[in-house]
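Novice: Here's my sequence, what's the structure:
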Amino acid sequence: MPDATELALITASLPAALTFVFQRVERLLSSRGAEPEAHIAVPDALTGTLQLPLQPDQALLDQRRHELELLRDALADHSHGNVPVPASPALLRNWARLRDALEDIYSQRLTFYGEDRPASGPFVHQKTDVLTGEATGMDADDITGNARVVQDVGRVERDAKMIGMKARRIGP
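Specialist: Here you go, the predicted model:
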């Protein structure tokens, strides 16, 4: 039996979600993949607010390029939102893997209508055993929409400094 996320994706948001994710993947795998992407068509099915421009982490893009290529090829028949009814478990699994890779590369969550997960927007998850210097989750002059920072630290050394989020303005 599908879980809540799979049931939500089987609804009308899946075609828009597939199309949007494929557009991002094609851009990342193109010769302009490392460039910021400021002008994108955000589908109505996307919940939350993306922080634009979408800026890929080049090291993560390089590290995950082969995975992106394999998942793109596995889902090629669905690249324009063509979804069989009911959607197969393999389609949903591969779509979720592809989205997870994009979220990692962009450091932004991509959530679609009906899903039971945090809304779309920037996130940071920092994990370290020992903090000896300084760790800042987010530092921006303007953060609109949803932003999330999670910092997991085992031990903080003397004179170490941890900042979760620092901004002149957060929200609309």
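Novice: So the spatially closest residue to D152 that is not a sequence neighbour, which state does it fall into?
Specialist: Nearest residue to D152, sequence neighbours excluded (C-beta to C-beta, 6 or more residues apart in numbering): K127, at 4.4 Å. Glycine gets a C-beta too; all of them are placed from N, C-alpha and C. Secondary structure, DSSP: H, G, I helix; E, B strand; the rest coil: K127 is strand.
Novice: give the contact list for K127.
Specialist: K127 makes contacts with 151-153, as judged by C-beta atoms under 8 Å, 6 or more residues apart in numbering.
Novice: Apply the buried test to the residues you listed and list what passes.
Specialist: With neighbours counted by 16 or more other C-beta atoms under 10 Å, the contacts of K127 contain buried members at Q151.
Novice: which ones among the contacts of K127 are found in strands?
Specialist: 151-153 (DSSP state E).
Novice: And the contacts of stretch 25-42?
Specialist: 20, 23-24, 50, 52-56, 58, 61, 65, 68-69, 71-72, 98, 102, 105.
Novice: picking up where we left off before, and which of the contacts of K127 is nearest L14?
Specialist: Looking at the contacts of K127 and their distance to L14, the nearest is D152, at 32.6 Å (C-beta to C-beta).
Novice: Tell me who's in contact with R72.
Specialist: 22, 25-26, 29, 79, 98 are the contacts of R72 under C-beta under 8 Å, 6+ apart.
Novice: Lowest-confidence entry in the residues you listed?
Specialist: Lowest pLDDT among the contacts of R72: S79, with 80.
Novice: So which residues make contact with stretch 48-62?
Specialist: 24, 28, 33-34, 36-38, 40, 42, 104-111, 118-122, 143-147.
Novice: Can you dump the C-alpha atoms of that stretch in PDB for me?
Specialist: Extracted in PDB, the C-alpha atoms of stretch 48-62 (Å, rounded to 0.1, in the frame of the first residue of the first chain):
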ATOM      1  CA  GLY A  48       6.100  27.100  -0.400                       C
ATOM      2  CA  THR A  49       8.600  29.600  -2.000                       C
ATOM      3  CA  LEU A  50      11.800  28.800  -3.700                       C
ATOM      4  CA  GLN A  51      14.700  31.100  -3.100                       C
ATOM      5  CA  LEU A  52      15.800  32.300  -6.600                       C
ATOM      6  CA  PRO A  53      18.100  32.100  -8.300                       C
ATOM      7  CA  LEU A  54      18.400  28.300  -8.000                       C
ATOM      8  CA  GLN A  55      22.100  27.900  -7.400                       C
ATOM      9  CA  PRO A  56      23.500  24.400  -7.700                       C
ATOM     10  CA  ASP A  57      26.400  23.300  -5.500                       C
ATOM     11  CA  GLN A  58      29.000  22.500  -8.200                       C
ATOM     12  CA  ALA A  59      30.800  19.800  -6.100                       C
ATOM     13  CA  LEU A  60      27.500  18.000  -5.400                       C
ATOM     14  CA  LEU A  61      26.500  18.400  -9.100                       C
ATOM     15  CA  ASP A  62      29.700  16.800 -10.200                       C
END
